[in-house]
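J.: Below are the sequence and a predicted model; questions follow.
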Amino acid sequence: MDLEAKCQALQEALEELEESRNRYAALYDFAPVGYVTIDDKGCIQEANLTGASLIGIERSQLIGMPLLVYVTKSDLKLFLDHLRRCKRRDEKVITELSLMTKNGAPIQVQLLSAPHKSTDGRSRFYKTVITDITQRKHYENELARLDRLNLVGEMAAGIGHEVRNPMTTVRGFLQLYRDKEAFAQYKDRFDLMIDELDRANSIITEFLSLAKNKTADLKAQNLNTILEHLSPLIQSDARVSDKNIHFLLEEIPYLFLDEKEIRQLILNHIRNGLEAMSPGGELTIRTFRDGQEVVLSVQDQGKGIESNVLEKIGTPFFTTKDNGTGLGLAVCYSIAARHNAVINIETSPTGTTFFVRFPVPEPPL
């Protein structure tokens, strides 16, 4: 009887051990971060499902592969330095770098590696935690970009009025002399000077729009109504360049908007889209609700945006146009920020779509 009881107790202990092992395996495999174990040569010995999912490779295919195979070329030196520091120091090492996923898209990750020795002490291996920080990096870049916009705006606010006052005086005298009979033969030159002063004034206005502390005159309005009022101007711009505009305006709730600023944001995006296309191209302007957001999208049929250009979009003074100021999209980002909106971009060789996502007020208006 004692033997039978002992066997029963042993069986129960084994079952509890198996349950505990399964719970640990589930925690290991479905942790919110990737876990990999790499040997002294940097080859993967173990990996959890999250780690395999981050890279987009089956776990069985990861085992035995050098981790550096999945590191982007630009960050190979960073990874090799990470391994060297792990070998030199008996402590945790942290490095931020980019991994290349199976579909070719890079993700930004943080590697945290801790050195360990095998039970016999003859070999070393490294337990590494892989955390996806792509979204965090995106937010950090957005904050840095907004800080740059605000700095430019504050500088412009400090000198804008001082520059505008003498410009207004000069413009007034140019108009006065242009209309005099004695200077009739120089009318074209006076018109050119006045146009250039007006262009300089519009650039100063764009500078001032970058200031973070600029007050927005927010009122309950419908984005579709603003687009409908702008439609004749937009259609006129398209006809002049032999391009087409297509509106897809769905039913959307009211938002708190500064109409003047939103008109500027819309026109900047639409004119950029028109300029990106060849004659005969179609620009699609759409509004729709997506959960707790109202989305304005402007989709062109241009050639897309190259990756090295995409990462600089919205930076003051960055432009790919011969006669551009590099302020149009920077102003759009500032206007979006004042409306708590976010601008996203999707691009391919067949065109680019800008999405402006506005939060829906709670409670709805």
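T.: Sure, I can see it. Numbers count the residues shown, from 1 in each chain.
J.: Does Thr287 touch Val294 like I think?
T.: Yes - the pair Thr287 and Val294 passes the contact test of Cβ atoms under 8 Å, sitting 6.8 Å apart. In short, each C-beta sits where N, CA and C put it, glycine included.
J.: shared neighbours of these two, which are they?
T.: In terms of Cβ atoms under 8 Å, 6 or more residues apart in numbering, Thr287 and Val294 are both contacted by the residues 223, 252.
J.: of the two, who's got more company?
T.: Taking neighbours as other Cβ atoms under 10 Å, Thr287 and Val294 compare with Val294 leading, 25 against 21.
J.: OK, contacts around that one?
T.: Applying Cβ under 8 Å, 6+ apart, the residues near Val294 are 223, 252-253, 255, 287-288, 357-358, 360.
J.: same thing with Gly280?
T.: Gly280 touches 242-244, counting by Cβ under 8 Å, 6+ apart.
J.: from these, which is closest to Asn268?
T.: Lys243 (16.5 Å; Cβ to Cβ).
J.: Adding secondary structure, write the contacts of Gly280 out as a markdown table.
T.: Shown next, in a markdown table, are these (DSSP: H, G, I helix; E, B strand; the rest coil):
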| residue | secondary structure |
| --- | --- |
| Asp242 | coil |
| Lys243 | coil |
| Asn244 | strand |
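J.: What about those residues, which one has the most neighbours?
T.: That'd be Lys243 among the contacts of Gly280, by other Cβ under 10 Å, with 20 neighbours.
J.: distance of that one from Val298?
T.: Going from Lys243 to Val298 by Cβ to Cβ, to the nearest Å gives 13 Å.
J.: Ile345 too?
T.: In terms of Cβ to Cβ, Ile345 sits 10 Å off from Val298.
J.: for Leu230, same thing?
T.: 12 Å.
J.: Which of the two has more residues huddled nearby?
T.: Legend: neighbour count by other Cβ under 10 Å for Leu230 and Val298, higher for Val298 (21 against 17).
J.: Now for that one: which residues touch it?
T.: So Val298 contacts 269-270, 273, 283-285, 353-354 (Cβ under 8 Å, 6+ apart).
J.: Quick check: buried residues in the helix or strand that contains it?
T.: Per DSSP states H and E: Val298 is located in strand 293-299. Neighbour counts using 16 or more other Cβ atoms under 10 Å place 293-299 of strand 293-299 among the buried residues.
J.: Listing partners with orientation, what would you give for it?
T.: strand 282-290 (antiparallel), strand 351-359 (antiparallel) (DSSP bridges).
J.: which ones are touching Cys86?
T.: 93, 113, 115, 126.
J.: what's the burial count for Ala52?
T.: 20.
J.: Leaving out sequence neighbours, find the closest residue to it.
T.: Residue nearest to Ala52 in three dimensions, not counting chain neighbours: Arg59, with 4.2 Å by Cβ to Cβ, 6 or more residues apart in numbering.
J.: can you tell me how far that neighbour sits from Cys86?
T.: For Arg59 relative to Cys86 (Cβ to Cβ), the value is 23 Å.
J.: that's a strand at Phe79, yeah?
T.: No - counting by three-state DSSP, Phe79 is not part of a strand but helix.
J.: Low-confidence ranges, the protein, go.
T.: 1-29, 145-146, 148-161, 206-215, 314-326, 364-365 (pLDDT under 70).
J.: Break it into its domains for me.
T.: With domains defined by automatic domain parsing, the chain comprises 31-132, 135-214, 216-365.
J.: quick one, what contacts Ala341?
T.: Counted by Cβ under 8 Å, 6+ apart, Ala341 has contacts 356-359.
J.: In contact with the spatially closest residue to it that is not a sequence neighbour, which residues?
T.: Using Cβ to Cβ, 6+ apart and skipping the chain neighbours, the partner closest in space to Ala341 is Phe358 (4.6 Å). Phe358 sits next to 223, 255, 257, 293-296, 339-341 when contact means Cβ under 8 Å, 6+ apart.
J.: Packing partners of the helix or strand where Ile335 lies?
T.: Using DSSP H and E, the element containing Ile335 is helix 328-338. Helices and strands touching helix 328-338, by 3 or more Cβ pairs under 8 Å, 6 or more residues apart in numbering; DSSP states H and E, are helix 134-178, helix 187-209, helix 259-275, strand 342-348.
J.: what angle do it and helix 187-209 make?
T.: Following axes from the mean of the first three to the mean of the last three Cα atoms, to 10 degrees, one obtains 40 degrees for the angle between helix 328-338 and helix 187-209.
J.: and helix 328-338 with helix 259-275, angle?
T.: 140 degrees.
J.: in helix 328-338, what's buried?
T.: For helix 328-338, by 16+ other Cβ under 10 Å, it's 328-338.
J.: how far out from the middle of the chain is that helix?
T.: With Cα atoms, centre = their mean, to the nearest Å as the basis, helix 328-338 stands 13 Å off its chain's centre.
J.: What residues sit buried inside stretch 236-249?
T.: Neighbour-count burial for stretch 236-249 [16+ other Cβ under 10 Å]: 237-238, 243, 245, 249.
J.: Make a markdown table out of those residues and add distance to Leu197.
T.: Formatted as a markdown table, the entries for the buried residues of stretch 236-249 read as follows, by distance: Cβ to Cβ, whole Å:
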| residue | distance to Leu197 |
| --- | --- |
| Asp237 | 24 |
| Ala238 | 29 |
| Lys243 | 31 |
| Ile245 | 32 |
| Leu249 | 38 |
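J.: Helices - which of those land there?
T.: Counting by DSSP state H, the part of the buried residues of stretch 236-249 found in helices is 237-238.
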